[in-house]
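[1] Kindly generate the corresponding structure for this input.
(2 chains)
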Amino acid sequence: MTTASTIDRPVRQYDFGTMWLLVFPATALLLAFLVIPTALVVVLSFTDYELGKEGLRYIGITNYSDMLADRVFWQSVRNTALYVALVVPGSIFIALAVALLIERRSVLARFYKVAFFLPVTATLVAMATVWEFILHPSIGLANHLLSVLRIDPIRFLSDPDWAIVSLAAIGIWQSIGFNMVLFLAGLSSIPKEIDEAAALDGAAGGIDRFMIVTWPLLGPTTLFVTITTAINAMRVFESVAVITQGGPNKATEVILYSIYLEAFQYFRTGYASALTVVFLLVTVSLIILQMRLADRKVHY
Amino acid sequence: MVRRSSPVSSTLAHLALFCGAIFMLTPFFWMIVTSFKTPDEVFLAEFQLLPTKWGGTANYIAAFTEAPLLRLMVNGAVVSLAILVVQVIVAAPCAYALAKIPFRGSGILMAAVLLGLMIPIQVPALPIYIAFAYFGLLDSYTALIMPFSISVFCIFLLRQFFKTFPQEIIEAARLDGYSEFGIVWCIVFPTALPAIAAFSIFSIIAHWNDLYWPLIVITEPSLATPPLGLMMFRQSSQAGGNIGALMAASTIVIAPLVIAFLFAQAQFIRGLTVTGLK
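    Reported below is the predicted structural model:
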């Protein structure tokens, strides 16, 4: 039953039973937990299904039009976009700066790497709990330190203007280490000769050399890091679920938290499915964009 | 000629890195210090760095008794290890077949694997939840483990690794009478241990730390994983405002992975960035 066979190898008849045993468990589970549920989400998004209710009706694009008319949906899109817009440049800029400073330093380099990478391994729910306490308006460390500088206490998490910014700061803190490692890998692949040639050609100062040599050669790494960070930032959930629950006044309602609430708290399954489809489409477009750009990275 | 930076710029660089490192470590430091403080000192309106009275014992006892912390840690270990073992057992034969055996439908299967890489758990979560509710599987280890039994990432990673395995050795093993499963587990798999190690770290960290899925399927505190249990404890202890105990519980929850990271930094960094560096 084999279809393909290569010329340089003897054709072999694979017995169907063995083949089936090798591939069947993975295929069955792939269908059961990925392919079919994802297809079902798309189907459910066109129905009025609510968990616990009997029956469901095809209602066309009503869920989608409801969504576009819903103020909370747009609020969550805005909040998610703002969060991504803060975390991506913040995390990348700091990670790049740290990577550039750590590179070529032997003393303490290991300590710096561990310190910056530690938040990546630490359970985010636990650290979000700690951050909530640090950002507490009256007994938090952050406001203690501000009072030393004679700055009035800031309600980091309960002021609607501050809440999403505070969560973004936590997001940046958590993701710098990961991006730093990617940048260090990118930097180590830049041949030292190019750098030295630039120095001989008169690119004297460190900043000059960075702009002329390092930055352009880091282009592919930077693109990759940017999109990876954006995809991860779009999936922000833990800090919202633990600290703000979308508040104050929906100021930190983000897209995944909306999906969670609609699907598993209000049980509006059809509507939650429509939200999920939109979320999936944005994620997939970002990944496709990333793959397109990665294909082009062969020629700098 | 490696360029030597001037002492001034070197000092400035160290100063910046050192301040940055202190900032990164502050939450960990503050968490541990607070877990040693008594409630009076936690709620002090003035800044106080170190505890003057020892409250650590009470806080850690509270964390272990008021939150079922020991149970949470056991749950976390059982669930993340079970997920890892099942993922590898399911993925390895499939990855071997995709890498080494031409068969009808392999193109479609590979396409499904690649598409699967793009789908986060939050997407299939809804129908899986409905099915689990229908079969009465909510609030069980099965509900925590089953959806992650298939890791397309593991299949993808192992397939890349298996592809480089010499075909001649496989042919020779077949002549020696090895079955295809014998070849997978006794001959090809042992050579993939570095890839397995990286994947194990990735998988264990992902599932030890995961909140979304346990939050959905588990309401019974005795079945909670560490992040979910911590969240439940936080909600219950807010009334009492026992922040010291909350910090003690947080310290315990992050301890296993942080300690493991400190002992095996290179492996951790590789395991976590293997997704990114593919």
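[2] Mind checking the pLDDT average for stretch B:83-97?
    Taken as a whole, stretch B:83-97 has a mean pLDDT of 95.
[3] What lies in contact with it?
    Residues outside stretch B:83-97 that contact it (CB atoms under 8 Å, 6 or more residues apart in numbering or on different chains): A:19, A:21-23, A:25-27, A:29, B:103, B:106, B:109, B:145, B:148-151, B:154-159, B:161-162, B:180-181, B:183-185, B:188-189, B:192, B:196, B:199-200, B:203-204, B:207. In short, each C-beta sits where N, CA and C put it, glycine included.
[4] Quick one, which of these are buried?
    Taking 16 or more other CB atoms under 10 Å in any protein chain shown as the criterion, what is buried in the contacts of stretch B:83-97 is A:19, A:22-23, A:25-27, A:29, B:103, B:106, B:109, B:145, B:148-151, B:154-159, B:161-162, B:180, B:183-185, B:188-189, B:192, B:196, B:199-200, B:203-204, B:207.
[5] Of those residues, which belong to helices?
    Among the buried ones among the contacts of stretch B:83-97, the members falling in helices (DSSP state H) are A:19, A:22-23, A:25-27, A:29, B:106, B:109, B:145, B:154-159, B:161-162, B:180, B:196, B:199-200, B:203-204, B:207.
[6] Quick check, central residue of chain A?
    Residue closest to the mean C-alpha point of chain A, counted by CA atoms, centre = their mean, is residue A:232 at 0.5 Å.
[7] check contacts around it.
    If you count contacts by CB under 8 Å, 6+ apart, residue A:232 has them with residue A:175.
[8] Is it in a helix, a strand, or coil?
    helix (DSSP: H, G, I helix; E, B strand; the rest coil).
[9] Helix or strand: which one has residue A:170?
    For residue A:170, the enclosing helix or strand under DSSP states H and E is helix A:160-188.
[10] and that helix with chain B, contact?
    Yes - Helix A:160-188 lies within reach of chain B by CB under 8 Å from any CB of the partner chain, at A:173, A:176, A:177, A:178, A:181, A:182, A:185.
[11] Please check these and keep the buried ones.
    Neighbour-count burial (16+ other CB under 10 Å) applied to these gives A:173, A:176, A:177, A:178, A:181, A:182.
[12] contacting residues around the residue nearest in space to the middle of chain B?
    Centroid-nearest residue in chain B: residue B:205, 1.3 Å away (criterion: CA atoms, centre = their mean). Counting by CB under 8 Å, 6+ apart, residue B:205 touches A:121, B:257, B:268, B:271, B:272.
[13] Let me know the angle separating the helix or strand in which residue B:114 is found from helix B:152-163.
    Assigned by DSSP H and E, residue B:114 belongs to helix B:106-116. Helix B:106-116 and helix B:152-163 are oriented at 130 degrees to each other (axes from the mean of the first three to the mean of the last three CA atoms, to 10 degrees).
[14] so what does helix B:106-116 touch, helix or strand wise?
    For helix B:106-116, the packing partners by 3 or more CB pairs under 8 Å, 6 or more residues apart in numbering or on different chains; DSSP states H and E come out as helix A:16-30, helix B:69-100, helix B:152-163.
[15] How far does the second one sit from its chain's centre?
    Helix B:69-100 has its average C-alpha position 11 Å from the chain's average C-alpha position, going by CA atoms, centre = their mean, to the nearest Å.
[16] Buried ones in it, by neighbour count?
    So, applying 16+ other CB under 10 Å, buried residues of helix B:69-100: B:69, B:71-73, B:75-76, B:79-84, B:86-88, B:90-100.
[17] ok, and what's touching stretch B:236-249?
    Here stretch B:236-249 makes contact (CB under 8 Å, 6+ apart) with A:126, A:129-130, A:133, B:31-32, B:34-39, B:42-43, B:55-56, B:58-60, B:62-63, B:66-67, B:69, B:230, B:233-234.
[18] List the buried residues of it.
    If you call a residue buried by 16+ other CB under 10 Å, then stretch B:236-249 has these buried ones: B:237, B:242, B:243, B:244, B:245, B:246, B:247, B:248, B:249.
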